[in-house]
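>>> My questions are about this predicted structure, shown below with the sequence.
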Amino acid sequence: MSTTETTAPPGRADAGVPAVAVAGLDKTFTTSDGLTQALEGIDLAVAAGEFVSLIGPSGCGKSTLLRIIADLERPTSGEVRVFGTSAPQARLDQAYGIAFQQAGLLGWRTVAANVELPLELHGVGRSERRTRSAELLDLVGLSEFAARFPDQLSGGMQQRVAIARALAERPRLLLMDEPFGALDEMTRERMQTELARISAETGAAVVFVTHSISEAAFLSDRVVVMSPRPGRVTTTVTTGLGPVGQRTDALREDPRFFEAVTAIREALHAGSAGGSGEAT
Ligand SMILES: Nc1ncnc2c1ncn2[C@@H]1O[C@H](COP(=O)(O)OP(=O)(O)OP(=O)(O)O)[C@@H](O)[C@H]1O
């Protein structure tokens, strides 16, 4: 059964150091038009191995929060820890892999060479790279396509390559910003099922930005609902749908899934009431 809380709970007590710990985070952008406060007072803890989605109205700061965790933006104030280290240190340690809406593959490199790129950049030898890319392409079901080029693959297959590349260095954390946003609904559902399996197999924690209520419900242990800008955490919905590895297509017909979808939808509407952002 899904439950809602009005504040983000701490990481599971037995899980040790959280994958992500954000405390009192604010972000204000300075532009030629003045100041834009994107995030206000964000507290968020993601346990090791936990799957957490961020959902909220357009412009509420979901991507900004993800980019701050990834050290691609600096917070204005507040603290971010990734497995107990600072965000810049976690970036140096390659503690996380990233996947965005656009797969961002290099068109002149084969699928295998794209997956191997992070390993190559970090000096991993050729035979180890080959072994690892073969393992990863097997994991994402693309072994037969290792020698193809990205433009010979469908959008869903390209995203699978991007996920394989993000996993190349065995990160314990995956940061994903609408990775399936550009895919058709059928492909998107297939990719969600694949990602549930992959995240269970790798044991990586995932922070996942999405606009889709059903996607958030299907994949997540917890869904963090944000208010219109400046983004604050208004509610956290615990989906209560069991281990992510057991989320198969049958779950989409399960009353517990509909309950989680309803809980997220209600939290989004409650959080957006009176706000200025568009409803998601
Ligand atoms: N580099 C930047 N400079 C100035 N303002 C920015 C910058 N990046 C984001 N913003 C502003 O911060 C706010 C939050 O943007 P962000 O992209 O994080 O929202 P989002 O919730 O991910 O939106 P969407 O759901 O539409 O992708 C927006 O008002 C945006 O215009």
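It's in. Numbers count the residues shown, from 1 in each chain.
>>> give me the element the residue nearest the centre of the chain is part of.
The centroid of the chain falls nearest to Phe208 when counting by Cα atoms, centre = their mean (2.3 Å). Take DSSP states H and E as the rule and Phe208 turns out to sit in strand 205-209.
>>> show me the contacts for the residue nearest to the centre of the chain.
Phe51, Val52, Ser53, Leu54, Met176, Pro179, Ala216, Leu219, Ser220 (Cβ atoms under 8 Å, 6 or more residues apart in numbering). C-beta coordinates here come from the backbone N, C-alpha and C atoms, glycine included.
>>> Out of those residues, who's the most crowded?
Among the contacts of Phe208, the one with the most neighbours (other Cβ atoms under 10 Å) is Ala216, at 29 neighbours.
>>> How about the strand or helix carrying that residue and the ligand, any contact?
Using DSSP H and E, the element containing Ala216 is helix 213-219. No - shown here: helix 213-219 not in contact with the ligand (Cβ under 6 Å from any ligand atom), separated by at least 12.8 Å.
>>> next structured bit after that helix?
Scanning onward from helix 213-219 (DSSP H and E), the first element met is strand 222-226.
>>> between that following strand and strand 205-209, how big is the angle?
Computed by axes from the mean of the first three to the mean of the last three Cα atoms, to 10 degrees, the angle separating strand 222-226 from strand 205-209 equals 30 degrees.
>>> Strand 222-226 vs the ligand: in contact?
No - using Cβ under 6 Å from any ligand atom, no contact is recorded between strand 222-226 and the ligand, whose separation bottoms out at 7.2 Å.
>>> Which strands and helices lie in contact with the helix or strand that that strand is followed by?
From strand 222-226 onward toward the C-terminus, using DSSP H and E, the following helix or strand is strand 233-238. Using 3 or more Cβ pairs under 8 Å, 6 or more residues apart in numbering; DSSP states H and E, the elements in contact with strand 233-238 are strand 3-5, strand 34-46, strand 222-226, helix 255-272.
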